[in-house]
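# Sharing a model prediction with you, sequence too.
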There are 2 protein chains.
Amino acid sequence: MVVREKILDLVVSCFKRHGAKGLDTPAFELKEVLTEKYGEDSGLIYDLQDQGGELLSLRYDLTVPFARYLAMNKVKKMKRYHVGKVWRRESPTIVQGRYREFCQCDFDIAGQFDPMIPDAECLKIMCEILSGLQLGDFLIKVNDRRILDGMFAVCGVPESKFHTICSSIDKLGKMSWKDVRHEMVAKKGLAPEVADRIGDYVQCHGGVSLVEQMFQDPRLSQNKQALEGLGDLKLLFEYVTLFGIAEKISFDLSLARGLDYYTGVVYEAVLLPTPAQAEEEPLNVGSVAAGGRYDGLVGMFDPKGHKVPCVGLSIGVERIFSIVEQKMKTFGEKIRTTETQVFVASPQKNFLQERLKLIAELWDAGIKAELLYKNNPKLLTQLHYCENMGIPLVVIVGEQELKEGVIKLRSVASREEVAIKRENLVAEIQKRLSES
Amino acid sequence: MVVREKILDLVVSCFKRHGAKGLDTPAFELKEVLTEKYGEDSGLIYDLQDQGGELLSLRYDLTVPFARYLAMNKVKKMKRYHVGKVWRRESPTIVQGRYREFCQCDFDIAGQFDPMIPDAECLKIMCEILSGLQLGDFLIKVNDRRILDGMFAVCGVPESKFHTICSSIDKLGKMSWKDVRHEMVAKKGLAPEVADRIGDYVQCHGGVSLVEQMFQDPRLSQNKQALEGLGDLKLLFEYVTLFGIAEKISFDLSLARGLDYYTGVVYEAVLLPTPAQAEEEPLNVGSVAAGGRYDGLVGMFDPKGHKVPCVGLSIGVERIFSIVEQKMKTFGEKIRTTETQVFVASPQKNFLQERLKLIAELWDAGIKAELLYKNNPKLLTQLHYCENMGIPLVVIVGEQELKEGVIKLRSVASREEVAIKRENLVAEIQKRLSES
């Protein structure tokens, strides 16, 4: 929980740095709101039992509820972040960092703006967060749904198969091209030569020069949609260069993103394996952040179909939690689970009253303090507690101290003790805490 | 959301001050975990649809999941807080601050300790939070389930009716004694003279002297359970006196708390109405925090029935949100929904590139910054945006500035502008922000 809190703090403060306001939506939505938004994954939605009233489902992501919110409240422009739980009926495989309940951190920009400025900001945000978390080297793959559709068209994929072939391509991170090709040909009935043409494209990845190259591509350059996508990507590369993050961005024709609602640019950040890792599991580079443009989703919830263009991103915090925890285990880092600064102890019996008076004083001064809930605990037990819990300071009150009007202040690390006048105790503790 | 965040921050920092660690449990529990825990309110539980696998329900509070967690993981001792959503199938009546989804903030101490020390700390925490939130004067009503049961016994309530009569008594905050008496006699079949005997007790409230008085009560003093409860309350008053909060605590024989799982002391904090409010709606003083001791709940989840005594509290943050919002409306306070510190503007066309370079610099320095997502926005539009959003500073770059290697820094409030060397801009902004 402590690690999670630190990671979430960093993510949220980045979202706020980019001017987003927080928004919260309910955990359940009307069942109909969620249907036909998630492609092949729709079976993973949790439904509530019909106990009278509306048919409800637990939210599957934070994007669809956001779009529903915009449409319902006729909001035409908004920059919001949302940190919340989502639920999917998966078989939990903890290794991959996939759970049935997990936390998502989303940032989205809704509104009609000049092209690619908000999109570039989304990439900048992903870079700031991933750099800030110090997870190692990373890369953001970028593509555009229109380029994908154009590619499918010029390769000869029938339009009715665009969605399902897109889902296959989306598996390229986890499966080899050979397996994906097999799925497309054997299971989805694609002609082998069509699959091979796709195969030529999806191995292409690179910087802005690849965008230029695709502009010249004899087949792709004949497709209007693809040209639009390429034009926007070119602009995107110009803006990310100004943001100083161009070297993190890779135009990757294999990037598909499985969800139905994307309409333009899509992106996905992956951690780059160290050479040792790359040898062990060459395919399993997990995505740690992803997103894209979805210009049609809000319109699906508006009675008149009014559109609000949106672009956004989601940080894969569960995966990041696992990675950070794994790292801490490897380096043997120990984390305190509480923040207690001072422990109130007594070496003698019948000092509960004094301990209670003392700790109330500390709490009232805003100092994080604990004591043992025992009438007469042993001093050694009390000091052990501090060592186990990593509490840095102990205040000790006994007969001698009471008589002299002092309190002993002990540093747990150095075991050094000094007597402090009772009335100066809070000030002295605050001084020590501010110095450490 | 901004108000909510501030209130939750204050609550959580108090929980941490008292040495609690954060804990999170899933939104749904096995259906069987929740059954027979909530008395007459069990019908309000949301069930998930049977889609194969286990039968699940959405959590109804955070206490039962905590007890289940302790039993499942064989944890014998823990001080934890939990901020999370819970769900109840209520008809939403916004006036009362009751929703179908709402946030709870719980603090609980589990473990076998000397009597009433953790219980007194729970009362101290409630006082710290309610004082900190500055909601006005408040009072914490305290009673003990054993005193209630003893009172029912000596008044002649049949034991089979303890639970249901307890539920009636629990309504005394919202209903008059006359109505509660009617419910007990007409609907629940209690003899009128028994109801009247209860009536004599439940109008008693006071400080530690009332505890002493009840010790002398000819009927109550004959009941072993009641005497145990009174003994503990006496100790509790001793400890809260040491904590300096005795004047906030009122022993109130009418306090019942509806939930089945309480076994000892129970408490409930209410805001005291101002004289004007008291005249308008004499009964509707809402509870803003509540809790109690539940020594049997963990044992219900342990296969061998091993008990872990617990005591805890829940802050009614939704009600508090409404109160604070209401207050802000009354005083016409305006709250910023974003934290943006600097806006990046240009008075001229074709300066998007410069604006993007500049804002990236600010973001990288940790400064919260925004710009308009337009190639060529008008200066007036940009300045209006700052005024509307309460952004205090604007940096302006134009041809003149570019030529001279400076940036104009404008204070939105004073409209004062100064030219700053480009390389000193970040430092100057940070200086201004730290001063304000």
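Happy to help now that I have it.
# and for the longest helix belonging to chain A, what are the contacting residues?
Criterion DSSP state H: the longest helix present in chain A is helix A:224-242. The contact list for helix A:224-242 (CB atoms under 8 Å, 6 or more residues apart in numbering or on different chains) reads A:115-117, A:119-120, A:123-124, A:142, A:144-147, A:149-151, A:153-154, A:207-208, A:211-212, A:214-215, A:220-221, A:246, A:248-249, A:251, A:264-265, B:353, B:356-357, B:360. Every C-beta, even on glycine, is put in place using the N, C-alpha and C of the backbone.
# hmm, which of these are the buried ones?
Buried by 16 or more other CB atoms under 10 Å in any protein chain shown: A:115-117, A:119-120, A:123-124, A:142, A:144-147, A:149-151, A:153-154, A:208, A:211, A:214, A:220, A:246, A:248-249, A:251, A:264-265, B:356, B:360, out of those.
# Which of these fall in strands?
Among those, DSSP state E puts A:142, A:144, A:249, A:251, A:265 in strands.
# CSV for those, including distance to chain B and pLDDT?
CSV is the format used below for those (distance: CB to the nearest CB, whole Å; pLDDT from 0 to 100):
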residue, distance to chain B, pLDDT
A:V142, 17, 97
A:D144, 19, 96
A:I249, 14, 97
A:F251, 20, 97
A:V265, 14, 97
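# which two in those are spaced the farthest apart?
Largest separation among those by CB to CB: A:D144 and A:I249, giving 12.9 Å.
# Got the phi and psi for the residue in the stretch 51-200 of chain A that chain B sits nearest to?
At 3.5 Å from chain B, A:F113 is the closest residue in the stretch 51-200 of chain A, using CB to the nearest CB. Main-chain torsions, A:F113, degrees, to the nearest 10: phi -130, psi 180.
# Show me which of the ones in strands among the buried ones among the contacts of helix A:224-242 is closest to A:N388.
A:I249 (47.3 Å).
# Please name the residues that touch that closest one.
The contact partners of A:I249, by CB under 8 Å, 6+ apart, come to A:123, A:139-140, A:142, A:207, A:236-237, A:240.
# Can you name the residues bridging to A:M78?
Beta-bridge partners recorded for A:M78 (DSSP bridges): A:A110.
# picking up where we left off before, turn the contacts of A:I249 into JSON lines, columns for distance to B:K171.
Converted to JSON lines, the contacts of A:I249 look like this (distance: CB to CB, whole Å):
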{"residue": "A:L123", "distance to B:K171": "57"}
{"residue": "A:L139", "distance to B:K171": "62"}
{"residue": "A:I140", "distance to B:K171": "58"}
{"residue": "A:V142", "distance to B:K171": "61"}
{"residue": "A:G207", "distance to B:K171": "70"}
{"residue": "A:L236", "distance to B:K171": "62"}
{"residue": "A:F237", "distance to B:K171": "67"}
{"residue": "A:V240", "distance to B:K171": "62"}
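# Lowest-confidence entry in those residues?
Of all those, A:G207 carries the smallest pLDDT score, 93.
# how close does the nearest residue to A:Y60 once chain neighbours are set aside sit to A:V317?
What sits nearest to A:Y60 in space, not counting adjacent residues and going by CB to CB, 6 or more residues apart in numbering or on different chains, is A:I45, at 5.3 Å. Applying CB to CB, to the nearest Å, the value for A:I45 to A:V317 is 21 Å.
# Neighbour count for the two, which is higher?
Neighbour comparison, A:I45 and A:V317: the larger count goes to A:V317, with 23 against 20 (by other CB atoms under 10 Å in any protein chain shown).
# now that one: how far from chain B?
The gap separating A:V317 from chain B is 13 Å, by CB to the nearest CB, to the nearest Å.
# and the stretch 1-150 of chain A, which residues reach chain B?
With CB under 8 Å from any CB of the partner chain as the criterion, the stretch 1-150 of chain A meets chain B at residues A:1-2, A:4-5, A:16-24, A:26-28, A:46-51, A:53, A:58, A:79, A:85, A:87, A:89, A:100-101, A:109, A:111, A:113-114, A:117-118, A:120-121, A:124, A:128.
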